[in-house]
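> predicted model, plus sequence, below.
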Amino acid sequence: MPARHAGLSLCSFYFLFYGFYGVTIPYLPVWLASRGLDPAFVGVVIAAAFLPKVISAPVFAHAADIWGRHRVLIQLLLFATLFSLVLFFYAETQAWFFSLTMAVNFFAPAILPLMDRAALAHRRADGASVYTTIRLCGSLGFAAFSLLCGLLIDGVGADGVIWLGAALTLACMVLARMLPLDAAARTAKVGAHSTDAAPPAPTAAAPTAPTTQRSRAPLLQILSDSSVFWCIVASALIQASNGYLYSYASLYWLALGLDTRQIGMLWTVGIGAEVVLFMLARHVLARISPIRLIMLSGAMTALRWAGLAWAMDPAAMAMFQVLQAFTLAGNNMAIMAFLAQRVGDQARTTAIALYTMLSAGLFMFLAINLVNLLGLSQSGWGFGVMAACAALALPLIAWSARHGKVPGGLP
């Protein structure tokens, strides 16, 4: 597949798949509530939904690193997600609603490490990475379909959430057939004579990770390199500090007297800043090493949450929301650059899955429940807990930098 067409298919897939998240993350609670479920039960379901990926992300990534059939796994996971969404219309009991929500959050998140692995492997004709451009399309898809779903709910009711989510999943299934195979999958399928998206030649500024024969235990390889492991943990803590924003922030802002238009503006400011930094990713990573960017992202994220903990004026809140550029874009592109440089081809999907499992699974679940345990779900101090979570990443990333040879530059 020509590099230009391969890049277009990856960008389109990210746009649609993150659009799926732009529908389900903000609006699935709305759909569950429309079925007459108690708000307390809906809260339990949404909090628990962060846990299934703790199992699914590393399991399917490990299978991909060993088996190499990334495209087949992606299509199977998409089919299972679509099937679970369709079953929502037939659910009548709390147990079924809970089980199906867990199923969607078991299968769908396991796709992300496989896709990030494919995006990291894709290169332009001149050998340059286009990962940040591809990931930018995901942010745009999240914003676009989140807005579209809100309009759809106003027009057709809450069932529009499931219909739109299912339509996006089906579109991703069709598009997955055109995705370029990454290096690991090509090696398993046709050996070393592939011509698609060859990795760039190593340079002094940006050495590539070793490419050895596929390991039978890629997770053990990652865990045995303590500097890589603790860098993953640090970056995951920064990402997991979004937990309060994703769960209770809108309710807190409503309690402060903000209306839904103002709250929507705050979300838009954050996504806009995220998009801008993704657009500047190549220039940023050319001037600062990935590990230093993770450290900067942790500091800026801690500042963001600390500011939102005391800010009462929407203008001040918007100013701190701009720092989402570091919380998500800066941290994401830095950890992916770091893994591309430090983790060999045979274990990279597993490394990405470990990051996903911790950041969007275990750590985020623990962060949300810590806020609940402290009774801060309707308090600005919930943001304070997230500031502490992000700040904890700083000594870990500093330790990782001291105890490992960390390259700079682009993946």
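Right, received. Where do you want to start?

> need phi/psi at Val72.
Taking degrees, to the nearest 10, you get phi -60, psi -40 for the backbone angles of Val72.

> dump the residue contacts of it.
Listed by CB atoms under 8 Å, 6 or more residues apart in numbering, Val72 has no contact partners. C-beta here means a position set from N, CA and C on the backbone, and glycine is covered the same way.

> in what helix or strand does the residue nearest to Pro52 when sequence neighbours are not counted lie?
Distance criterion CB to CB, 6 or more residues apart in numbering; nearest residue to Pro52, sequence neighbours excluded, is Phe106 at 3.7 Å. Using DSSP states H and E, Phe106 sits within helix 94-107.

> packing partners of the next helix or strand after that helix?
Downstream of helix 94-107, the first helix or strand assigned by DSSP H and E is helix 111-121. On a contact count with 3 or more CB pairs under 8 Å, 6 or more residues apart in numbering; DSSP states H and E, helix 111-121 meets helix 3-34, helix 52-67, helix 70-87, helix 131-156, helix 183-190, helix 331-342, helix 348-357.

> out of those, which one sits most buried?
Most buried of those by mean neighbour count (mean count of other CB atoms under 10 Å) is helix 348-357; its value is a mean of 29.

> after that helix comes which helix or strand?
helix 363-373.

> quick one: mean pLDDT for that next one?
Across helix 363-373, pLDDT averages out at 88.

> flag every buried residue along it.
Phe363, Met364, Phe365, Leu366, Ala367, Ile368, Leu370, Val371 (16 or more other CB atoms under 10 Å).

> now do the contacts for the fifth one.
So that's Ala367. Counted by CB under 8 Å, 6+ apart, Ala367 has contacts Ala240, Ser241, Gly243, Tyr244, Val385, Met386, Cys389.

> who touches the nearest residue to the first one once chain neighbours are set aside in this structure?
Distances taken as CB to CB, 6+ apart put Phe363 closest to Ala240, at 3.5 Å, once the chain neighbours are dropped. The contact partners of Phe363, taken as CB under 8 Å, 6+ apart, are Ala236, Leu237, Gln239, Ala240, Cys389.

> how about these in a markdown table, adding distance to Trp230?
Listed next are the contacts of Phe363 as a markdown table, based on distance: CB to CB, whole Å:
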| residue | distance to Trp230 |
| --- | --- |
| Ala236 | 10 |
| Leu237 | 10 |
| Gln239 | 15 |
| Ala240 | 15 |
| Cys389 | 16 |
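
> so which of those belong to helices?
Among the contacts of Phe363, the ones falling in helices (DSSP state H) are Ala236, Leu237, Gln239, Ala240, Cys389.

> ok, the last one to Asn369 distance?
Looking back up the chat, that one is Cys389. Taking CB to CB, to the nearest Å as the measure, Cys389 falls 12 Å from Asn369.

> same thing with the fourth one?
From Ala240 over to Asn369 the distance is 12 Å, taken as CB to CB.

> what do you get for the second one?
In this structure, Leu237 and Asn369 are separated by 15 Å, where distance is defined by CB to CB.

> got it, and the third one?
Here the distance between Gln239 and Asn369 works out to 17 Å (CB to CB).

> how about Leu296?
28 Å.

> Thr301 now?
From Thr301 across to Asn369, the span is 20 Å (CB to CB).

> gap between stretch 155-173 and the chain center?
Offset of stretch 155-173 from its chain centre (CA atoms, centre = their mean, to the nearest Å): 20 Å.

> His70 contacts Phe60, correct?
No. With contact defined as CB atoms under 8 Å, His70 does not count as touching Phe60 (9.7 Å).
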